[in-house]
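J.: Build the 3D model from these lines:
(one chain, ligands or ions: 1)
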Amino acid sequence: MPWTPLHSQLHQCAIDRQLLPVGAKILIAVSGGQDSFCLGQLLHDLQSRWHWQLAVAHCDHGWTQDIGIAERVALVATRWQLPFYCETTANLPETDGAAREWRYQALTRIAEATNSTYLVTAHTQTDRAETLLYNLVRGAGADGLCALSWHRQLTPDLNLVRPLLEVNRAQTGEFCREYQLPVWEDAYNRDLKYPRNRLRLEIMPRLATDFNPQVESHLARTAELLRADVEYLESQATAVYSQAVDEAETKLDRTILQSIALSLQRRVIRQFLTHALSKMPTFGQIEETIVLINAPNRTRTSTFSQGLAAEVSGRWIVVRE
Ligand SMILES: Nc1ncnc2c1ncn2[C@@H]1O[C@H](COP(=O)(O)OP(=O)(O)OP(=O)(O)O)[C@@H](O)[C@H]1O
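T.: Got it, this is the predicted structure:
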């Protein structure tokens, strides 16, 4: 089969971003859709140049509309002459979130069992643009807008890598047609009952025709820029947090918080409350706690959870009943 511009793009991207080292042991998550078939084919074709050890994993949710997909993926894996692993769940996941959680657990198990140190998924530039817009409309800060990073540590021994973040869905579709890959069209993806599908099928095309044909790549670039900002801010916040918090992580020094910018204050308070409440605080809880930085002694927020509230105690902010 021909060497395509996508082969060159992925090859160059792997070099520039140092995504997958020479000789890496890589597990490819293949759903049976066009994006992951495209990714699998590209990695397979580049394998001899990079000396990667590849394997294919599929997660079977047991949903009736998915019958036959695992067999298709297995067939393509055989065509690629790659080992194929499939996990089926005993409990049908009822929501998208539950399915995703189970999928990542299953993929991690397969990666561990096969000693793979990289798990790759086929999230694309299109997914990134849609995620940004979807989260923006629902209400998100910079952290929510830059979801989908190039890589993320899943466990101490396993990295999640997303090599297709600069490739769009039109390109993966065209590639799969050229390579005659047996792409599975998920009926769920066309159901306009789901907001995410309406965004993909109605809003994004409308933005492209009425506003800017490059909307997808522009939104994805915004996500990329935001990610760098967020990573920098979060690392600064972590450094301040370690200075401002006491050893037991029960109180926060207001004098240190008073001298930093609001954007860092928010992040330090979020880290503190996440620890104190054992869960991610809401935006409102963070804003209430920010007020305490310059408030009189004994000023108290509303009750957050389990009877706990934040309170000024001299130079400290504490969380207590
Ligand atoms: N059933 C599956 N088996 C194996 N891999 C899968 C499966 N479903 C999804 N994936 C992997 O995850 C990628 C993203 O798929 P999809 O967009 O459907 O997941 P998502 O749940 O919306 O994404 P996220 O994991 O970011 O929430 C796919 O390209 C594929 O690599």
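J.: ok, residues contacting stretch 217-229?
T.: Applying C-beta atoms under 8 Å, 6 or more residues apart in numbering, the contact partners of stretch 217-229 are 125-126, 128-129, 131-133, 142, 145-149, 165-166, 168, 212. Yep, even glycine has a C-beta here, placed from its N, CA and C like the rest.
J.: out of those, which are buried?
T.: 125-126, 128-129, 131-133, 145-149, 165-166, 168 (16 or more other C-beta atoms under 10 Å).
J.: Lowest pLDDT pick from these?
T.: Minimum pLDDT across those is recorded for Ala147, with 78.
J.: now His44: how far from the ligand?
T.: 14 Å (C-beta to the nearest ligand atom, to the nearest Å).
J.: Just to check, that residue is in contact with Trp80?
T.: Yes - His44 lies in contact with Trp80 (C-beta atoms under 8 Å); the separation is 4.5 Å.
J.: List the contacts of stretch 77-90.
T.: If you take C-beta under 8 Å, 6+ apart as the criterion, stretch 77-90 is touched by 27-28, 30, 40-41, 44, 54-62, 70, 73-74, 102, 106, 109-110, 113-114.
J.: One more: stretch 278-290?
T.: 141, 262, 265-266, 269-270, 272-274, 277, 301-302, 304-305, 310, 317.
J.: which one of those residues sits closest to the ligand?
T.: Gly141 (18.4 Å; C-beta to the nearest ligand atom).
J.: So for the closest residue to that closest one other than its chain neighbours, what's the pLDDT?
T.: Nearest residue to Gly141, sequence neighbours excluded (C-beta to C-beta, 6 or more residues apart in numbering): Phe283, at 7.7 Å. With respect to pLDDT, Phe283 scores 94.
J.: Repeat that for Ile67.
T.: For Ile67, the model assigns a pLDDT of 82.
J.: still on that earlier bit, intersection of neighbour lists for His44 and Trp80?
T.: With C-beta under 8 Å, 6+ apart, His44 and Trp80 have common neighbours Leu54.
J.: hang on, Leu132 packs against Leu145?
T.: Yes - Leu132 lies in contact with Leu145 (C-beta under 8 Å); the separation is 5.1 Å.
J.: hang on, Gln153 is in a strand, isn't it?
T.: Yes - Gln153: assigned to a strand according to DSSP: H, G, I helix; E, B strand; the rest coil.
J.: count of neighbours near it?
T.: 9 (other C-beta atoms under 10 Å).
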